[in-house]
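S.K.: Here is the input, now give the coordinates:
(2 chains)
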Amino acid sequence: MKQTKLFTKTLKEVPKDETSYNAATLIRAGFIDKTTAGVYSFLPLGWRVLNKIKAIIREEMLAIEGQEISMPALSPKENWQTTGRWDDFDVLFKIKASDNKDYVLNPTHEEIVTPLVKKFVSSYRELPFSVFQIQTKFRNEKRAKAGLLRGREFLMKDLYSFHLNQEDLDAYYEKAIKAYENIFSRCGLKESTYLTYASGGSFSKYSHEFQTLSPAGEDLIYVCPKCQVAVNKEIIKEQNTCPQCGNKDLQEEKAIEVANIFKLGTKFSAPFALNFQEKEGDKKEVIMGCYGLGISRLLGAIVELCHDEKGIIWPENVAPYQVHLLSLNKNDKAEKLYQDLIACKTDVLYDNRDVSAGEKFADADLIGCPYRLVISEKSIKAGGVELKKRQDREGVILSLEQVVASFIKK
RNA sequence: CGGGGUGUGGCCCAGUUCGGUCUAAGGCGUCUGGUUUGGGACCAGAAGAUCGUGGGUUCAAAUCCCACCACCCCGACCA
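M.R.: Coordinates of the predicted model:
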């Protein structure tokens, strides 16, 4: 991508109504734009990052045999009355259509997926299985805040699993935890993300969250330094030692809840009468689990964690482009190198703008691609092109051939 | 939903205390021309403003009064 073709541009100053680091920086760098409180557009750079995160999540969901589907964003009132959540779900977006019918902009999809699955499942032979989707959710938060961390419209991956019995759910639940660990690891948050024992809200007594340590987070958790496990403050009275090793010396930390998983049991299969017939002929309710992951929130969390005073430092797997190529003066070598990198399938953003060197460096640091290539008269005299990692102070000079070769390997 | 704060070209912001010289200043960005090119360069010129919205007071309102709206922050809520 040539930067002169990119329709967005960076800002030197942040709009003053964005004070959260993630939104301020993503807006300044041209990744997102705010339409209204808690509602953002994803611009070319931001959309690329979002798609990379989605691809990772999709791979991990498919790996635990999740079947991808897409359910509607809109649903009728009746589904929510069946479970009582038409009245109980306080941030439900309710819409009255012109025919005076009530609809919901779905905040989650238990009310949709359960009757959907009921149409196909009637026998023990058809269980277990799981379905997932990556989709926009709506929650009418009283107060949207912290940029992408708490929006009114946001992207979520939701997985639902259906089982014959509790043991089968328990086993699948463990697989889902492993898949989530893989996701956060691949997104660059392995060290900072903790499996956290939490309340189950209205779903179940307990649940598990994945909490990423950050001062920008809203949650207080108690971290076990030995186990990569934590306890949410909301259940610390009942659980004040590490659930894994029994350690009493837990450390209080602020954290961003990036995912929440629940053993639903029959919470939704009961009201929708999602049953199956056993081998012996008896009818039983399907045992369910649900597994949410806030994708746009995760993107925001990555920015909160991965940055320095100059801008974002994207983890390689989710960077909008692997390489930011800067040409400091017009020369054919830059154009040639750009073409060569594209030819070896490297994601490259090519700053071919007619602006000062300082502006290009500043923008490269702000946008945060993992590798920066600088080609200039100076670099050519020194032997080719400078390669620098975003987080490093100094780069190295490589020949043009060496640079291309180094990206072929990746 | 309670408390606090803020609304002035695409963005940042001066001006509001004490109404008049505001026919709204400056910076960023944009456009034209020129000089620049290893850390947000410089010169010259230009375009771009319902001063959040509605009402009121006044000879006169960005400025005073009333109502509303939007956004941000703290708290509450958070399946």
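S.K.: Only C-alpha atoms from now on, for both contacts and neighbour counts.
M.R.: Will do.
S.K.: And the closest residue to residue A:305 other than its chain neighbours, how far from residue A:368?
M.R.: Excluding the flanking residues, the one nearest residue A:305 by C-alpha to C-alpha, 6 or more residues apart in numbering is residue A:214, at 6.9 Å. Distance, residue A:214 to residue A:368, by C-alpha to C-alpha, to the nearest Å: 19 Å.
S.K.: confidence score at the residue nearest to residue A:305?
M.R.: If you check residue A:214, the pLDDT there is 96.
S.K.: roughly how far apart are the residue in the stretch 1-150 of chain A positioned nearest to RNA strand B and residue A:372?
M.R.: Nearest residue of the stretch 1-150 of chain A to RNA strand B (C-alpha to the nearest atom of the strand) works out as residue A:15 at 3.2 Å. The gap separating residue A:15 from residue A:372 is 28 Å, by C-alpha to C-alpha.
S.K.: Out of those two, name the residue with the larger neighbour count.
M.R.: More crowded of residue A:15 and residue A:372, by other C-alpha atoms under 10 Å: residue A:372, with 23 against 11.
S.K.: Let me know whether the more buried one touches residue A:385 as I believe.
M.R.: No. Using C-alpha atoms under 8 Å, residue A:372 makes no contact with residue A:385, being 10.0 Å away.
S.K.: For the residue nearest to residue A:305, list the residues it contacts.
M.R.: Contacts of residue A:214 were listed using C-alpha atoms under 8 Å, 6 or more residues apart in numbering, and they are A:253-256, A:301, A:304-305.
S.K.: Can you tell me which of those is closest to residue A:177?
M.R.: residue A:256 (17.3 Å; C-alpha to C-alpha).
S.K.: Quick check: nearest residue in space to that closest one, chain neighbours excluded?
M.R.: Nearest non-adjacent residue to residue A:256 (C-alpha to C-alpha, 6+ apart): residue A:217, at 4.1 Å.
S.K.: What are the phi and psi values at that neighbour?
M.R.: With angles defined as degrees, to the nearest 10, residue A:217 sits at phi -70, psi 160.
S.K.: wait, doesn't it sit right on residue A:297?
M.R.: No. Checked against C-alpha under 8 Å, the pair residue A:217 and residue A:297 is beyond contact range at 10.8 Å.
S.K.: Which one's more surrounded, those two?
M.R.: A direct count of neighbours by other C-alpha under 10 Å for residue A:217 and residue A:297 places residue A:297 higher, at 24 against 19.
S.K.: nearest spatial neighbour of that one, skipping sequence neighbours?
M.R.: Here the residue nearest residue A:297, using C-alpha to C-alpha, 6+ apart, is residue A:149, at 4.7 Å.
S.K.: can you check residue A:293 too?
M.R.: In space, residue A:293 is closest to residue A:259, 4.2 Å off (C-alpha to C-alpha, 6+ apart).
S.K.: can I assume that neighbour sits in a helix?
M.R.: No. Applying DSSP: H, G, I helix; E, B strand; the rest coil, one finds residue A:259 to be strand, outside a helix.
S.K.: Which positions in the stretch 201-350 of chain A make contact with RNA strand B?
M.R.: Contact residues (C-alpha under 7 Å from any atom of the strand) of the stretch 201-350 of chain A with RNA strand B: A:201-203, A:218-219, A:260, A:310, A:328-329.
S.K.: switch the cut-off to 6 Å
M.R.: Contacts of the stretch 201-350 of chain A with RNA strand B, taken as C-alpha under 6 Å from any atom of the strand, map to A:201-203, A:328-329.
S.K.: what would those residues look like in CSV with secondary structure, neighbour count and pLDDT?
M.R.: Shown next, in CSV, are these (DSSP: H, G, I helix; E, B strand; the rest coil; neighbours: other C-alpha atoms under 10 Å; pLDDT from 0 to 100):
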residue, secondary structure, neighbour count, pLDDT
A:201, coil, 10, 82
A:202, coil, 11, 79
A:203, coil, 16, 82
A:328, coil, 23, 92
A:329, coil, 16, 81
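S.K.: Just want the residue of the stretch 301-410 of chain A that's nearest RNA strand B.
M.R.: Counting by C-alpha to the nearest atom of the strand, the stretch 301-410 of chain A gets nearest RNA strand B through residue A:358, at 2.9 Å.
S.K.: Buried residues of the strand or helix carrying that residue, list them for me.
M.R.: Following DSSP states H and E, one finds residue A:358 within helix A:357-367. Using 16 or more other C-alpha atoms under 10 Å as the test for burial, helix A:357-367 gives A:357, A:360-361, A:363-367.
S.K.: tilt between the helix or strand following it and helix A:357-367?
M.R.: On the C-terminal side of helix A:357-367, the closest following helix or strand by DSSP H and E is strand A:371-375. Strand A:371-375 runs at 170 degrees relative to helix A:357-367, counting by axes from the mean of the first three to the mean of the last three C-alpha atoms, to 10 degrees.
S.K.: Is strand A:371-375 in proximity to RNA strand B?
M.R.: Yes. Among the residues of strand A:371-375, A:374-375 lie within reach of RNA strand B under C-alpha under 6 Å from any atom of the strand.
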